[in-house]
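Trainee: What would the 3D arrangement of this be:
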Amino acid sequence: MSLVFFVPAIFEFTIFFLMGFRACQDAKVMTSLSSAPLLTVLYRDGIICFFIMFGVRMWNIWIVRLIQLANADLALTVHIHSTLPNL
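Mentor: As a prediction, the model looks like this:
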């Protein structure tokens, strides 16, 4: 399987982890959610964006795996039929 999908997923997970770490640090400083509404919106939208992108990336990996399995099955079928004697 190509690293085309896995490397960006690791990068996105790292960015998400760093955002969560920063959100925990900001939560210690903020007295309430209404004291920094922009940060609240940015963190909320970042979490939603991460889960959407992660879901789409997992879907892409799943589709590529299905295509590879279908191609492997087709290649095996063609190979078996080409090696069998004509009846």
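Trainee: so where's the protein shaky on pLDDT?
Mentor: 1-2, 33, 72-87 (pLDDT under 70).
Trainee: residue ranges for the helices of this structure, please.
Mentor: Using DSSP state H, the helices assigned to the chain run over residues 6-29, 37-83.
Trainee: Could you dump those into CSV and include mean neighbour count?
Mentor: From N, CA and C alone the C-beta is placed, and that goes for glycine too. Formatted as CSV, the helices of the chain follow (neighbours: other CB atoms under 10 Å):
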stretch, mean neighbour count
helix 6-29, 12
helix 37-83, 11
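Trainee: thought residue 19 was touching residue 43?
Mentor: Yes: if you go by CB atoms under 8 Å, residue 19 and residue 43 touch, sitting 7.0 Å apart.
Trainee: Near residue 36, how many residues? Count them for me, please.
Mentor: 16 (other CB atoms under 10 Å).
Trainee: ok, now which ones touch it?
Mentor: 26, 30 (CB atoms under 8 Å, 6 or more residues apart in numbering).
Trainee: what do you get if the cut-off is 7 Å, keeping everything else the same?
Mentor: residue 30 (CB atoms under 7 Å, 6 or more residues apart in numbering).
Trainee: No further questions, thank you.
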